[in-house]
Structure formats: C-alpha cells, structure tokens
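Visitor: Could you look at this predicted model? Sequence included:
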Amino acid sequence: VRFAAMASKWQRAWRIVKGDKVAITAGRDKGSVGTVTLVDRDKNKVLVEGRNLVKKHVKAQAGSSGGIVTIPAPIDYSNVRLIDPETGRPCRTAYRYLEDGSKVRVSVGRGASGAVIPFPESLKERRSASAAVGEKDTTQDDVLQKTFRGFAASAVPSTDE
C-alpha cells in the first residue's frame, strides 16, 4: 500500500474546504495567499488558485494546438494554513461549539485572535439546497407498503408426499 493512500486514514477532521482563503507555509510559494479551488482528501492535497504553478507539455489534439501550458499543481494539506480573519496571518484551527450548539472553526495558537473562521458562502449554498419532489419520485404510501412476506411464504415446493 502506498503511503499517500494510507495517509488519509491518519488524517484528522479536515478544517480546510473549497473556497477557503489559505496561506502557503512551505515550498516555492511560501508566504503567498490564495483561495482553495479543489480538495482531494484521498491524497491529502489541496489546489490553490494561482499558486504552485507548473509548466506542462501538452500534445496537439484534433481541436487544439499543443504547447507548454502553465497550470496549478496540488499542494500537500500540511503546507497550507487558514487565514485568521482578524489578524490576516496564518493560524492553526480547532472546532468549538457556540452557546447555541453550532459547530464552528476557531483560530488557535500563538498570535491567533481566537476569532470564528466562517465557512465559505459557496459551501453554505450547497448544503441548504434540498431535493425537490418530482413526478417520477416514489410516493410515501408505496414506500411504506409491505411487499416481502418472508421466505416461508414463498412458493417453495414441499417435501411432503
């Protein structure tokens, strides 16, 4: 088993989601800030918009010409940190519960303000959307109808003769 595949088992609850503003703490782009565009929990990687740019050689296809293209490469989860909304500096985070019982992310550690780090608006919109009932959906009466009578009631040939 490759280490990258095993790493997701050891990773704690992810506190970085798509749309978060993060700072890069290691590598060529250390100190730069960007927005997370993709989260890959299986490989422990995040894709930050406009950061960690690499050049890729693309072969010519039928519809497009080939050449050298600059694209963002994934960054390891451990090399990015959320931005504290009050200080504007990278910080460690933890989950805390407010008085009303809601679970929030809070900045913790040295130099952190302890402020609540809100989830991105795009994530809130996705969660609030619910499935609409359409004409092809199963009705509740059909769902509650008992159709299985058990194996004993099925047409099993008897051995009595």
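Guide: Done, it's in.
Visitor: any chance you could map the strands in the chain?
Guide: Assignment of strands within the chain using DSSP state E yields the ranges 21-24, 33-40, 45-48, 53-58, 67-72, 75-76, 80-83, 90-97, 103-108, 116-117.
Visitor: can I get the ones you listed in JSON lines with mean neighbour count?
Guide: Backbone N, C-alpha and C define where each C-beta goes, glycine included. Written out in JSON lines, the entries for the strands of the chain read as follows (neighbours: other CB atoms under 10 Å):
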{"stretch": "strand 21-24", "mean neighbour count": "20"}
{"stretch": "strand 33-40", "mean neighbour count": "16"}
{"stretch": "strand 45-48", "mean neighbour count": "22"}
{"stretch": "strand 53-58", "mean neighbour count": "10"}
{"stretch": "strand 67-72", "mean neighbour count": "11"}
{"stretch": "strand 75-76", "mean neighbour count": "18"}
{"stretch": "strand 80-83", "mean neighbour count": "20"}
{"stretch": "strand 90-97", "mean neighbour count": "16"}
{"stretch": "strand 103-108", "mean neighbour count": "16"}
{"stretch": "strand 116-117", "mean neighbour count": "16"}
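Visitor: Go through those strands and name the closest to residue 146.
Guide: For residue 146, the closest of those is strand 103-108, at 39.0 Å, according to CB to CB.
Visitor: Please name the strands paired to that closest one in the sheet, noting orientation.
Guide: Applying DSSP bridges, strand 103-108 is found paired with strand 90-97 (antiparallel), strand 116-117 (antiparallel).
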